[in-house]
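> okay, predicted coordinates and the sequence, questions at the end:
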Amino acid sequence: MQPLTEIEGRAYPLGLKNVDTDVIIPAHYLKTITRTGLGKGAFETIRAEPGNVFDDPEYAGAPILIAGDNFGCGSSREHAAWALGDLGIKAVLAPSFSDIFSGNAFKNGIATIVLPQEAIDRLIEVAKSDPVTVDLETQSVTTPFQDRFEFRMDPFRRNCLMKGLDEIGLTLAGANDIDTFEAGMAKERAWL
């Protein structure tokens, strides 16, 4: 995973509530086991509507998505996080998230930032014309208009995202200790 400390840029001002994982990535895309290529199918039903934010060139490559309450509800498909990542999204801001989606997003290097509805409403307005900055170090979301919205994030998840550590990276960080333990066990219990 790439370390995430600050995410700055345009943001998709989606704002919809109860966007489930089938909206994020429809079931017919779930036949793949690779993480790449799913961005083209992300938000397929929304993209079918003329004038949608995902096909607006003004937001192309936006690293932030601003969503409504209960984002990522529905089934536990990890493909939803893969699709967002393939779309280039590194942070999703919403008043609340499905626990399973939030966990899958974290495991795939995407920050899920919980903010009050009033902050989301303001950020949607700003995102229509200006960039937004998410700073994991200061745990704040800011705009060029001096808006500053603070958030709290689980310290473990925040640390992992900032250091770019997934579960494998966390394990490998203790490689020397693991090797030492394994060598000691091999001597102590040679019969194993």
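Received, thanks.
> residues in contact with the residue lying closest to Asp135 once chain neighbours are set aside?
Spatially, and ignoring its direct neighbours in sequence, Asp135 is nearest to Glu6 (5.1 Å; CB to CB, 6 or more residues apart in numbering). Heads up, the C-betas are built off the backbone N, CA and C, glycines and all. Glu6 is in contact with 133-137, counting by CB atoms under 8 Å, 6 or more residues apart in numbering.
> repeat that for Gly85.
Residues near Gly85 by CB under 8 Å, 6+ apart: 35, 108-110.
> is it part of a helix or strand, or is it coil?
Classification of Gly85 by DSSP: H, G, I helix; E, B strand; the rest coil places it in helix.
> per-residue confidence at it?
Per-residue pLDDT puts Gly85 at 97.
> same question for Ala175.
With respect to pLDDT, Ala175 has a value of 89.
> filter the contacts of Glu6 down to the buried ones.
Buried residues within these, counting neighbours by 16 or more other CB atoms under 10 Å: 133-134, 136.
> hey, where'd the strands end up in this structure?
Here the chain has its strands, by DSSP state E, at 6-9, 11-13, 64-66, 91-94, 111-114, 132-135, 140-142, 148-150.
> okay, those strands, which one's buried deepest?
Greatest average neighbour count among those goes to strand 64-66 (a mean of 28), per mean count of other CB atoms under 10 Å.
> got the contact list for that strand?
For strand 64-66, the surrounding residues in contact (CB under 8 Å, 6+ apart) are 7, 9-15, 84, 89-94, 120, 123-124, 127, 132, 134.
> all the helices of this structure, in order from the start?
Taking DSSP state H as the criterion, the chain carries its helices at 21-24, 44-47, 79-87, 99-107, 117-127, 155-163, 167-173, 175-188.
> quick one: the residue positioned nearest the centre of the chain and Asn104, what's the gap?
Closest to where the C-alpha atoms of the chain average out (CA atoms, centre = their mean) is Ile110, at 2.3 Å. Ile110 is 8 Å from Asn104, where distance means CB to CB, to the nearest Å.
> so what's Ala83 up against?
24-25, 29, 38-39, 41-42.
> quick check, nearest of the residues you listed to Asp166?
Set against Asp166, the nearest of the contacts of Ala83 by CB to CB is Leu38 (18.0 Å).
> hang on, the closest one packs against Thr32?
Yes - if you go by CB atoms under 8 Å, Leu38 and Thr32 touch, sitting 7.0 Å apart.
> higher neighbour count, the two?
Taking neighbours as other CB atoms under 10 Å, Leu38 and Thr32 compare with Leu38 leading, 22 against 12.
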